[in-house]
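[1] here's a sequence, model it:
(4 chains)
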Protein chains: 2
Amino acid sequence: MRKAALHKTGVPTSLPKRSDMVVEQIKSWIADEGLNPGDRLPQEKELMHHFGVSKGTMREALKSLEVQGLIRVSTGPKGGASVASVSLQRSMQLLANYFYFQDLTLRQIYAVRRLLEPELAAAAAEYLTEAELDALEKSVTLCSHPPTDRDMEHRQRLAELDFHDILANACRNEYLAFNCRFMNSLLKNCTVIKKIYSGEAQRASPARVRKLAADGLRAHLALLAAFRARDPARVRTLMLEHIVEAERHMVALEAVVVARFMDERPARRSAAAAE
Amino acid sequence: MRKAALHKTGVPTSLPKRSDMVVEQIKSWIADEGLNPGDRLPQEKELMHHFGVSKGTMREALKSLEVQGLIRVSTGPKGGASVASVSLQRSMQLLANYFYFQDLTLRQIYAVRRLLEPELAAAAAEYLTEAELDALEKSVTLCSHPPTDRDMEHRQRLAELDFHDILANACRNEYLAFNCRFMNSLLKNCTVIKKIYSGEAQRASPARVRKLAADGLRAHLALLAAFRARDPARVRTLMLEHIVEAERHMVALEAVVVARFMDERPARRSAAAAE
DNA sequence: TTATCATATTTGTTATGATAAATATTGACT
DNA sequence: AGTCAATATTTATCATAACAAATATGATAA
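    Next comes the predicted model:
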């Protein structure tokens, strides 16, 4: 049924798979029609008929679109495929796959973080709502008590990163925000943080772990004050110092990072992190 | 066969689909066994048997992994699924899907580009090989002749972005490099560049288009000299000026950007762009 | 030796039909 | 009016069978 490919030439000239062609057609259909999230696509049976493909092929195509986050499919009456806006979680997970084989180091991530996070914070200073300021304060409060066990220690490290996620939520530049959120997510999944959870970090270098926490707390308190004062310049300075300091501690604790695929589900979040 | 979900609660508690569970199992299998790109997975039939799923479900699972870029599947003897390192192109395309619904503006992208690209260039200055310097020069040469038609004009704009891609190739920080490459790719697909191809930009604002090209050429020439001199500080300064200037011209030409999905295949590249 | 062809293997696609699970709707009952 | 249960709809999965297409390998011929 499918047209034969030219072999002989070294270049792989094989036709794309049928399901992939259907995927591309549906994608351009979504783009051309300007469909919005929530808009429904025809149901499976109609799609099969429309593209002249079998059930299996159609299901593969829908699966592809689902993995890409472009559609959701649901069962039941009024069910079927509907356009979805690609979720943040999904995008971050797919992107994390890329870096799985790249052996990123903390230094490399922080080289970018040092550049972006101060700018994000300065931008957020302008737009933070009272609710978000309160959320920041909650994160700080959670970190202000000495941890009673490893699990609490771990939750405090994650809450620290939630602090930064809140800033991203307040930032109006979605592109900048995404980049910062993604780095937070990388750090939440990095080996240093996991070692804190397993207790390995405390055993290896308890003083360093304490200092990481103490310095982080101090920096976040100072930042919170600057946010309340709506002082972008000061925020920028404080954040840069904070990041540089955090990098020093983290690098000291562990140089290699991202040794696992990112979890499908979002990492456990403290109560302070509002979406 | 599948366990019933608790309905009643508002939260969707439905079990993940069978194919998705298989996907997760294979992913952790890859991670746990430390499989490397090229390593082969069992073939379809064995996998079906191993996970106790039907052909359709197994194919959906493999499709998912294929879309994520984690495996390649091939037909024929010795065929089947093998681990793949997620390709740059694939990651960028998946990430671009996320921004499709976000209505990014050139300003937002350039706010990040202004921060990262000078750092990338400074880092590249240290590592650029002779071959890469020559490639940079080729890109500059291509842009140094006045364009004879719209197609050439368009190719020149793309070659300008190839210049930046080459810098990313030379940079040892894969994380920084990816971010810069992705922005280049966003810009290659943005409406301003496409309007140049369609001739719309020239009709609307021919002087601005000419100035964009002339300023870009001048900046790249200066940068090339600084690269040859291995002068990171000067490179950083020049690049910042270049980006700020480019942003001014681009924003003037068009405020809204990224109105289409990114192409499946890499954008047409000039000869100067070596991978 | 090199080029070409035949073959076996494995995925890709089609086809069909049946059962299970999720869910919106409807209607009965309180 | 509101709660609950039956129902209908639609996807999710399973099972099976057959043919098409791609490709590595080995055999054959120039």
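
[2] so which strand or helix has residue A:230?
    Using DSSP states H and E, no element contains residue A:230; it sits outside every helix and strand.

[3] contacting residues around residue A:87?
    Taking C-beta atoms under 8 Å, 6 or more residues apart in numbering or on different chains, we find residue A:87 in contact with residue A:69. (Each C-beta comes from the backbone N, C-alpha and C, glycine too.)

[4] ramachandran coordinates for the residue in the stretch 101-250 of chain A that DNA strand D sits nearest to?
    Going by C-beta to the nearest atom of the strand, DNA strand D is nearest to residue A:101 of the stretch 101-250 of chain A, at 22.3 Å. Dihedral pair for residue A:101: phi -90, psi 10, per degrees, to the nearest 10.

[5] per-residue confidence for the closest residue to it other than its chain neighbours?
    When the adjacent residues along the chain are set aside, residue A:101 lies closest to residue B:85, with 4.2 Å between them (C-beta to C-beta, 6 or more residues apart in numbering or on different chains). In this prediction, residue B:85 carries a pLDDT score of 94.

[6] residue B:85: neighbour count?
    Look at residue B:85: counted by other C-beta atoms under 10 Å in any protein chain shown, it has 15 neighbours.

[7] SS state for it?
    Look at residue B:85: counting by DSSP: H, G, I helix; E, B strand; the rest coil, its state is coil.

[8] what's the host helix or strand of residue A:176 in contact with?
    Here residue A:176, judged by DSSP H and E, is contained in helix A:174-188. Helix A:174-188 is contacted by residues A:88, A:91-92, A:95-96, A:99, A:104, A:109, A:112-113, A:116-117, A:119-120, A:123, A:158, A:161, A:164-165, A:167-169, A:171, A:193, A:257-258, A:262, A:267, B:98-99, B:102, B:104, B:108-109, B:111-112, B:179 when judged by C-beta under 8 Å, 6+ apart.

[9] now it against helix B:174-188, angle please.
    160 degrees (axes from the mean of the first three to the mean of the last three C-alpha atoms, to 10 degrees).

[10] and the contacts of helix A:174-188, which are buried?
    A:88, A:91-92, A:95-96, A:99, A:104, A:109, A:112-113, A:116-117, A:119-120, A:123, A:158, A:161, A:164-165, A:167-169, A:171, A:193, A:257-258, A:262, A:267, B:98-99, B:104, B:108-109, B:111-112, B:179 (16 or more other C-beta atoms under 10 Å in any protein chain shown).

[11] inside helices: which ones of those residues?
    A:88, A:91-92, A:95-96, A:99, A:109, A:112-113, A:116-117, A:119-120, A:123, A:158, A:161, A:164-165, A:167-169, A:193, B:98-99, B:108-109, B:111-112, B:179 (DSSP state H).

[12] coming back round to it: isn't the residue nearest to residue A:101 right up against residue B:37?
    Yes. Using C-beta atoms under 8 Å, residue B:85 makes contact with residue B:37 at a distance of 4.2 Å.

[13] now list whatever residues contact both of those two.
    residue A:101.

[14] now do residue A:27 against residue B:17, distance only.
    22 Å (C-beta to C-beta, to the nearest Å).

[15] the more surrounded of the two?
    More crowded of residue A:27 and residue B:17, by other C-beta under 10 Å: residue A:27, with 20 against 17.

[16] and that one, how close does it get to residue B:120?
    31 Å.

[17] how about the residue in chain A positioned nearest to DNA strand D, nearest residue that isn't a chain neighbour?
    Nearest to DNA strand D in chain A, going by C-beta to the nearest atom of the strand, is residue A:43, at a distance of 2.9 Å. Of all residues not flanking residue A:43 in the chain, residue A:80 sits nearest, at 4.0 Å (C-beta to C-beta, 6+ apart).

[18] need the contact list for that neighbour.
    Contacts for residue A:80 were tallied using C-beta under 8 Å, 6+ apart; they are A:40, A:41, A:42, A:43, A:44, A:73, A:74.

[19] number of nearby residues for the first one?
    If I follow you right, that is residue A:40. 14.

[20] assign a three-state SS to the residue nearest to it when sequence neighbours are not counted, would you?
    Excluding the flanking residues, the one nearest residue A:40 by C-beta to C-beta, 6+ apart is residue A:82, at 4.6 Å. Of the three states, residue A:82 takes strand under three-state DSSP.

[21] touching, residue A:82 and residue A:72? I think so.
    Yes. Counting by C-beta under 8 Å, residue A:72 is a contact partner of residue A:82 at 5.7 Å.

[22] all strands for chain A, in order.
    A:71-74, A:80-83 (DSSP state E).

[23] now render the ones you listed as JSON lines, adding distance to DNA strand C.
    Output for the strands of chain A, formatted as JSON lines (distance: least, C-beta to the nearest atom of the strand, whole Å):
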{"stretch": "strand A:71-74", "distance to DNA strand C": "5"}
{"stretch": "strand A:80-83", "distance to DNA strand C": "11"}
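
[24] any idea which of the contacts of residue A:80 is the one closest to residue A:204?
    Top of the list for closeness to residue A:204, among the contacts of residue A:80 and by C-beta to C-beta, is residue A:73 at 46.9 Å.

[25] quick one: the closest one from residue B:60, how far?
    Relative to residue B:60, and taking C-beta to C-beta, residue A:73 is found at 12 Å.

[26] which one of those two has more residues nearby?
    Counted by other C-beta under 10 Å, residue A:73 and residue B:60 do not tie: residue B:60 has more neighbours, with 25 against 18.

[27] tell me how far the closest residue to the more buried one other than its chain neighbours lies from residue B:58.
    Closest residue to residue B:60 apart from its sequence neighbours, by C-beta to C-beta, 6+ apart: residue B:19 at 4.0 Å. In this structure, residue B:19 and residue B:58 are 8 Å apart, going by C-beta to C-beta.

[28] span of stretch A:76-86 from start to end?
    Using C-alpha to C-alpha, to the nearest Å, the gap from the first to the last residue of stretch A:76-86 comes to 23 Å.

[29] may I see the buried residues of that stretch?
    A:80, A:81, A:82, A:83, A:84, A:86.

[30] what's near enough to touch residue A:128?
    So residue A:128 contacts A:136, A:167, A:170, A:227 (C-beta under 8 Å, 6+ apart).

[31] just the buried residues of those residues.
    For the contacts of residue A:128, a neighbour count by 16+ other C-beta under 10 Å gives the buried set as A:136, A:167, A:170, A:227.

[32] tabulate the residues you listed (a markdown table), appending distance to residue B:67.
    Listed next are these as a markdown table, based on distance: C-beta to C-beta, whole Å:
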| residue | distance to residue B:67 |
| --- | --- |
| A:136 | 38 |
| A:167 | 32 |
| A:170 | 33 |
| A:227 | 41 |
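
[33] make a markdown table out of those and add distance to chain B and pLDDT.
    Shown next, in a markdown table, are the buried ones among the contacts of residue A:128 (distance: C-beta to the nearest C-beta, whole Å; pLDDT from 0 to 100):
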| residue | distance to chain B | pLDDT |
| --- | --- | --- |
| A:136 | 23 | 97 |
| A:167 | 15 | 98 |
| A:170 | 15 | 97 |
| A:227 | 20 | 98 |
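
[34] got CSV for the residues you listed, with distance to DNA strand D too?
    Shown next, in CSV, are the buried ones among the contacts of residue A:128 (distance: C-beta to the nearest atom of the strand, whole Å):
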residue, distance to DNA strand D
A:136, 39
A:167, 36
A:170, 36
A:227, 44
